[in-house]
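Asks: build the 3D model from these lines:
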Amino acid sequence: MPLSQVASRLALSPRTLQRRFSSKVGITPKRFARVRRLQRVLRAVRRSAELDWSALAANRGYADQAHLVHEFRELAGITLESVNDVFNRLRAGKVNGRVVLGIGEQAFERKGKELMTVA
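Replies: Got it, this is the predicted structure:
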């Protein structure tokens with residue numbers, strides 16, 4: 001939903017909503033939405049047996065895989081290759097314990113053969 005619609009529903013100007021949101025959350029509403037979308041990608045990756053970045057990008061609202069690659073690099077400071085490596089090592093059991101990917105405190109832990117999201 002566009003910021004202007006949310007602002008209208010709250011009887012605020014878009015700029016006032018943006019200022020208040022940024023003040024309380026610490027980032028702009030747009031950046032928050034981008035982080036949440038990237039977190040949804042990570043949850044989908046966790047459930048996937050095979051990683052198809054193009055399909056994940058298309059199904060999560062990215063224009064293409066290059067857009068997803070750019071978001072990972074900008075928001076998380078890592079590349080998709082790094083994410084692939086972490087998840088492949090977790091799935092293979094080569095990493096025990098907690099792995100933090102640095103995207104809004106998103107962390108994953110291997111329990112048995114399943115990857116679990118850690119709060």
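Asks: sec struct for residue 27, please.
Replies: coil (DSSP: H, G, I helix; E, B strand; the rest coil).
Asks: now do the contacts for it.
Replies: Listed by Cβ atoms under 8 Å, 6 or more residues apart in numbering, the contact set of residue 27 reads residue 35. Bear in mind the C-beta positions are built from the backbone N, C-alpha and C, glycine included.
Asks: ok, now the one 10 residues further on?
Replies: With contacts defined as Cβ under 8 Å, 6+ apart, residue 37 is in contact with 60-62, 71.
Asks: what about 10 Å?
Replies: Neighbouring residues of residue 37 by Cβ atoms under 10 Å, 6 or more residues apart in numbering: 60-62, 68, 71, 75.
Asks: could you do residue 17 as well?
Replies: Per Cβ under 10 Å, 6+ apart, neighbours of residue 17: 3-4, 6-11, 29.
Asks: turn the buried ones among those into a named PyMOL selection, would you?
Replies: Of the contacts of residue 17, the buried ones go into a single PyMOL selection, burial set by 16 or more other Cβ atoms under 10 Å:
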select buried, resi 3+7+29
